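Enquirer: show me the folded form of this:
(one chain, ligands or ions: 1)
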Amino acid sequence: MEKIAIIGAGNIGEALIAALVGAGTDPQTIVATNRSAERSQQLADRYGIETAEDNRQAATDADMVVLCVKPAQVPDLLDEIGEVIAAADVHTVIVSMAAGVTLTTMEEVVPAAGAPIVRVMANTPMLVGKGVLAVAYGRYVANDQREAVREVLATAGHVVEVEESQLSAVTALSGSGPAYYFLLTEALIDAGVSLGLPRDLASELARATAAGAGAMLEQKSDPVALRAGVSSPAGTTVAAIRELEESGLRGAVYRATEACSKRADELSQR
Ligand SMILES: NC(=O)c1ccc[n+]([C@@H]2O[C@H](COP(=O)([O-])OP(=O)(O)OC[C@H]3O[C@@H](n4cnc5c(N)ncnc54)[C@H](OP(=O)(O)O)[C@@H]3O)[C@@H](O)[C@H]2O)c1
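Expert: The predicted structure follows:
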């Protein structure tokens, strides 16, 4: 790819830049924009990338334009860069990282008929190169552009292709999912303190256990088999699991994900 523009290099934009440069992408092919010149200079110094003051200049003749601004800013931004994309010598693919902004909303703003647009639901572990990036392609995205998008996003984590209609459910699993694990870890720390452990020790134990369990799950093992493997008959773990089940953990997860998915639907209809 000769030019990739990252528009709005805040948390997510910087995470993508770091992932791309870390994966060996030539930093000179990356152009980032920001509202603050100081922030742009910081990114140029840190990663050796190009920066531009003007979004239109950054988007001009880019093979890929990645929108990393807040959702409410996406329509105005597309309005701003739409004409240069329509006039470009290359067939630019637009990738939006913004939650809740639909492909139709974006396609309606860009003046070029048949503009290829991609919507991504990422999650925060992307900040440490371990994200889940669920990708829904607009109808005008060509096969080679799909491949290019996958390659770029795969530098920041695990890429899955989904239908746009699945994105609210995806938000409820991978999008908001890290927060559920953080909450469980927080609860375990408090529970450890309640059992008499010093908070530092409880925190170390809970966080390292989460990382270890995550690493085992990452090997694509079946969670049911993993849990059975640590549940000896009449043992300590089954005593705890029974309490969790009787306390309604499974039902709480169903209800939580339903609430999240419903809220994601509401936000994308605004
Ligand atoms: N953070 C997450 O966990 C997460 C996860 C998944 C998806 N997302 C999505 O990723 C997007 C970015 O989130 P974020 O957390 O990275 O936000 P952020 O840190 O606030 O970054 C947004 C950046 O865009 C810049 N910006 C705003 N308007 C601009 C414009 N017109 N031209 C150029 N740059 C502009 C902002 O600059 P200023 O600071 O000067 O305004 C800021 O640097 C959001 O749409 C969000 O839905 C975020």
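
Enquirer: show me where the stretch 1-150 of the chain has helices.
Expert: In the stretch 1-150 of the chain, helices defined by DSSP state H, counting those that start in this stretch lie at 11-22, 37-47, 55-59, 74-87, 103-109, 143-154, listed in chain order.

Enquirer: quick one: mean pLDDT for the longest one?
Expert: Going back to what we said before, that points to helix 74-87. Model confidence over helix 74-87 averages 93 on the pLDDT scale.

Enquirer: nearest residue to the residue of the stretch 1-150 of the chain at minimum distance from the ligand other than its sequence neighbours?
Expert: With distances taken as Cβ to the nearest ligand atom, the stretch 1-150 of the chain approaches the ligand most closely at residue 10, which sits 1.8 Å away. (Glycine included, C-beta is placed from N, CA and C.) Here the nearest residue to residue 10 in space, its sequence neighbours aside, is residue 68; by Cβ to Cβ, 6 or more residues apart in numbering that works out to 6.4 Å.

Enquirer: got it, and residue 142?
Expert: Leaving aside its sequence neighbours, residue 142 sits nearest to residue 116 (Cβ to Cβ, 6+ apart; 6.5 Å).

Enquirer: residue contacts, the one you found?
Expert: Counting by Cβ atoms under 8 Å, 6 or more residues apart in numbering, residue 116 makes contact with 91-94, 138, 140-142, 145.

Enquirer: by neighbour count, which of those residues wins?
Expert: Compared across those, residue 94 has the highest neighbour count, 29 neighbours, by other Cβ atoms under 10 Å.

Enquirer: circling back to that earlier point, let's have the helices of the stretch 1-150 of the chain in CSV, adding distance to residue 183.
Expert: Rendered in CSV, the data for those read as follows (distance: least, Cβ to Cβ, whole Å):
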stretch, distance to residue 183
helix 11-22, 21
helix 37-47, 31
helix 55-59, 37
helix 74-87, 29
helix 103-109, 31
helix 143-154, 27
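
Enquirer: check contacts around residue 156.
Expert: Residue 156 sits next to 15-16, 19, 122, 126, 129, 131, 133 when contact means Cβ under 8 Å, 6+ apart.

Enquirer: burial count for residue 263?
Expert: One way to gauge burial is a neighbour count; for residue 263, by other Cβ under 10 Å, it gives 15.

Enquirer: okay, buried residues for the helix or strand that contains it please.
Expert: Assignment of secondary structure by DSSP states H and E places residue 263 within helix 249-268. The neighbour-count check on helix 249-268 (16 or more other Cβ atoms under 10 Å) flags 257, 260-261, 264, 268 as buried.
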